[in-house]
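# this one's sequence-less:
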């Protein structure tokens with residue numbers, strides 16, 4: 001599993017120019033599911049994201065988590081995180097989980113984040129989406145399952 005997290009003051013996602021999800025203070029999570037990912041990776045990643053201390057405290061130190069700041073999360077599926085660009089000029093996506101595996105795990109990810117007390121907004125799995133963000137910091141993290 002690969003997740004790109006961006007700390008945002010606002011983010012939204014649209015499908016066919018219609019906004020389907022938006023948040024204010026929180027995180028934008030681009031989520032890529034690999035072929036070997038299971039519920040175990042989903043649970044570990046959700047715990048990591050909910051508790052990751054990447055928001056500033058009163059002293060300007062990144063010491064607060066998404067839960068601490070009562071932030072929101074916008075979750076967007078993104079199989080291209082598994083793109084392999086090592087050979088040639090066109091990425092290969094054979095390392096990404098096929099939709100029939102990825103979609104249920106993506107849905108579990110969404111559910112698990114909500115169970116951690118985080119307000120969740122989403123894009124639309126498998127759709128062409130337009131994402132708008134205001135990245136704060138900027139702070140961007142790449143997380144991979146272990």
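Alright, I've got the coordinates. Worth saying up front: this structure is predicted, and the values here are computed from it rather than measured. Residues are numbered from 1 along each chain as shown.
# so for the most centrally placed residue in the chain, what's the pLDDT?
With distances taken as C-alpha atoms, centre = their mean, residue 29 lies nearest the centre of the chain, 1.8 Å away. Residue 29 is assigned 98 on the pLDDT scale.
# so which strand or helix has the nearest residue to it once chain neighbours are set aside?
Nearest non-adjacent residue to residue 29, counting by C-beta to C-beta, 6 or more residues apart in numbering: residue 75, 5.0 Å away. Every C-beta, even on glycine, is put in place using the N, C-alpha and C of the backbone. Using DSSP states H and E, residue 75 sits in strand 72-77.
# partners of that strand in the sheet?
Paired with strand 72-77 in the same sheet, following DSSP bridges, are strand 26-32 (parallel), strand 119-122 (parallel).
# mean confidence score for it?
Averaging pLDDT along strand 72-77 yields 98.
# how about stretch 126-140?
96.
# pipe the strands paired with strand 72-77 into JSON lines and attach distance to residue 103 per row.
Compiled in JSON lines, those are given as follows (distance: least, C-beta to C-beta, whole Å):
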{"stretch": "strand 26-32", "distance to residue 103": "11"}
{"stretch": "strand 119-122", "distance to residue 103": "12"}
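# compare those and give me the one nearest residue 90.
When those are compared by C-beta to C-beta, strand 26-32 sits nearest residue 90, at 18.0 Å.
# what sits up against the closest one?
1-8, 11, 49, 66, 69, 71-82, 96, 106, 109, 118-119, 131, 133, 135 (C-beta atoms under 8 Å, 6 or more residues apart in numbering).
# list the helices and strands the longest strand belonging to the chain packs on?
Counting residues, the longest strand found in the chain (DSSP state E) is strand 129-144. Identification of packing neighbours for strand 129-144 by 3 or more C-beta pairs under 8 Å, 6 or more residues apart in numbering; DSSP states H and E yields strand 2-15, strand 26-32, helix 39-51.
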